[in-house]
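Asker: Provide a 3D model corresponding to the input given below.
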Amino acid sequence: MSLYVGNLSYEVTQDDLTAVFAEYGSVKRVQLPTDRETGRLRGFGFVEMGTDAEESAAIEALDGAEWMGRDLKVNKARPREEKGSFNRGNGGGNRGNYSGRSRY
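Answerer: Residues are numbered from 1 along each chain as shown. Below you'll find the model as predicted:
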């Protein structure tokens, strides 16, 4: 499992985040997603730690803590949702009832 870290500074690096979370245990991996268009950081990231106890300690200490001029949001990451899953029913809109022919 990994942790979601939100409200990050756009200046943060993987090394910065690793150093902060290493205070609470072993950091296995850090991901900082970037915007496809601009290449700019998106203001959130994911940190994977060695054990659940280490993750809990990091959440307890860092959620709401001020770091790099921002109040961090730290919690367990939710599984990624499938894109487009909200329109799976009839393809969205009213297309399911459209026959392509005029009634008159």
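Asker: Every contact and neighbour count from this point should use C-alpha atoms.
Answerer: OK.
Asker: longest helix anywhere in the protein?
Answerer: Looking across the chain with DSSP state H, the single longest helix is helix 52-62.
Asker: Give me the buried stretch members for it, please.
Answerer: Of the residues in helix 52-62, Glu54, Glu55, Ser56, Ala58, Ile59, Leu62 count as buried by neighbour count, 16 or more other C-alpha atoms under 10 Å.
Asker: so where do the strands sit in the chain?
Answerer: 2-6, 27-31, 44-49, 66-67, 70-71, 73-76 (DSSP state E).
Asker: From the chain's centre, how far out is the second one? Work that out for me.
Answerer: Put plainly, it is strand 27-31. 13 Å (C-alpha atoms, centre = their mean, to the nearest Å).
Asker: Check which helices and strands it sits against.
Answerer: helix 14-22, strand 44-49 (3 or more C-alpha pairs under 8 Å, 6 or more residues apart in numbering; DSSP states H and E).
Asker: Please state the mean pLDDT value computed over the first one.
Answerer: Spelled out, that is helix 14-22. Averaging pLDDT along helix 14-22 gives 97.
Asker: Many thanks, we can stop here.
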